[in-house]
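J.: when you get a sec, could you give me coordinates for this:
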Amino acid sequence: MNIREKIIQETEDTPDGILSEVLDYLQYLKVKHQQGMMETALFSETILQKDWLKPAEEVAWQNL
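T.: Sure, this is the predicted structure:
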């Protein structure tokens, strides 16, 4: 049984009040994960920008 199936099984006899909290927490975790990915992308862009702006990079990519 995979993790998704285990979660579904656990929800079968769980009261709605608890399920509401679980849903809220799951949505929070998804947003937190997305924000973390965006921060990583922004930090990467800042670091990589130093290389992207080198004249040698312009020459290497000018034919594309």
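J.: please, where are all the helices along the chain?
T.: Applying DSSP state H to the chain gives helices spanning 3-11, 16-52, 55-61.
J.: now render these as TSV, adding mean neighbour count.
T.: Yep, even glycine has a C-beta here, placed from its N, CA and C like the rest. Formatted as TSV, the helices of the chain follow (neighbours: other C-beta atoms under 10 Å):
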stretch	mean neighbour count
helix 3-11	10
helix 16-52	10
helix 55-61	9
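J.: mean pLDDT lowest for which of those helices?
T.: Per-stretch mean pLDDT for the helices of the chain is lowest at helix 55-61 (a mean of 83).
J.: show me what that helix is packed against.
T.: For helix 55-61, there is no helix or strand it packs on, judged by 3 or more C-beta pairs under 8 Å, 6 or more residues apart in numbering; DSSP states H and E.
J.: check contacts around Thr11.
T.: Taking C-beta atoms under 8 Å, 6 or more residues apart in numbering, we find Thr11 in contact with 19, 22.
J.: gap between Pro21 and Ala41?
T.: Careful, residue 21 is Glu; it's not Pro. 31 Å (C-beta to C-beta, to the nearest Å).
J.: my bad, should have said Lys6
T.: Using C-beta to C-beta, we find Lys6 at a distance of 32 Å from Ala41.
J.: same thing with Pro55?
T.: In this view, Pro55 and Ala41 are 25 Å apart by C-beta to C-beta.
J.: what residue is smack in the middle of the protein?
T.: Gln34 (3.5 Å; C-alpha atoms, centre = their mean).
J.: hmm, who's touching stretch 41-52?
T.: Residues outside stretch 41-52 that contact it (C-beta under 8 Å, 6+ apart) are Glu57.
J.: look up phi and psi at Lys54.
T.: Lys54 adopts backbone torsions of phi -70, psi 140, taken as degrees, to the nearest 10.
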